[in-house]
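Student: Need the 3D shape of this:
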Amino acid sequence: MTYIAGNTAVENARALSQSALPNAPQQPYDEPSHRIAAARARLSAVLRSVAARELRLAERLDPSPNCGS
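Tutor: Residues are numbered from 1 along each chain as shown. You can find the predicted model right below:
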């Protein structure tokens, strides 16, 4: 028998894929509810506004020089 590089990996992958449990129960994928999506959107908006406020406050405490002026 001649050894061909990479053949063992292919055979192992094939054996592994064939040994997967074909009758295993599948977990249903539930779409995230609209309440969760809305809460994420509100949280994102709050975090963006807090970051903008911190940036304005930092700029007031230590103003960076403006380029070109």
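Student: buried ones in the longest helix seen in the chain?
Tutor: Criterion DSSP state H: the longest helix present in the chain is helix 34-61. For helix 34-61, the neighbour count (16 or more other C-beta atoms under 10 Å) marks no residue as buried. For the C-beta atoms, the positions are set from N, CA and C on the backbone; glycine is no exception.
Student: pLDDT on it, on average?
Tutor: Averaging pLDDT along helix 34-61 gives 92.
Student: packing partners for that helix?
Tutor: Helices and strands touching helix 34-61, by 3 or more C-beta pairs under 8 Å, 6 or more residues apart in numbering; DSSP states H and E: there are none.
Student: Determine how far the last residue of stretch 8-28 lies from the first.
Tutor: With C-alpha to C-alpha, to the nearest Å applied, stretch 8-28 spans 35 Å between its terminal residues.
Student: Could you number the chain from 448 rather than 1 from now on?
Tutor: That works, and once the first residue is 448, the last one we named lands at stretch 455-475.
Student: pLDDT averaged over it, what's the number?
Tutor: 68.
Student: three-state assignment of P479?
Tutor: Counting by DSSP: H, G, I helix; E, B strand; the rest coil, the backbone at P479 sits in coil.
Student: neighbours around it, how many?
Tutor: Residues contacting P479 under the criterion other C-beta atoms under 10 Å number 9.
Student: residues contacting it?
Tutor: Residues in contact with P479 (C-beta atoms under 8 Å, 6 or more residues apart in numbering): none are found.
Student: Ramachandran angles for it?
Tutor: phi -60, psi 140 (degrees, to the nearest 10).
Student: Distance check, it against V493.
Tutor: For P479, the distance to V493 equals 19 Å [C-beta to C-beta, to the nearest Å].
Student: Kindly report the same for N459.
Tutor: Computed as C-beta to C-beta, the N459 to V493 distance reads 50 Å.
Student: same thing with H481?
Tutor: Between H481 and V493 the computed distance is 19 Å (C-beta to C-beta).
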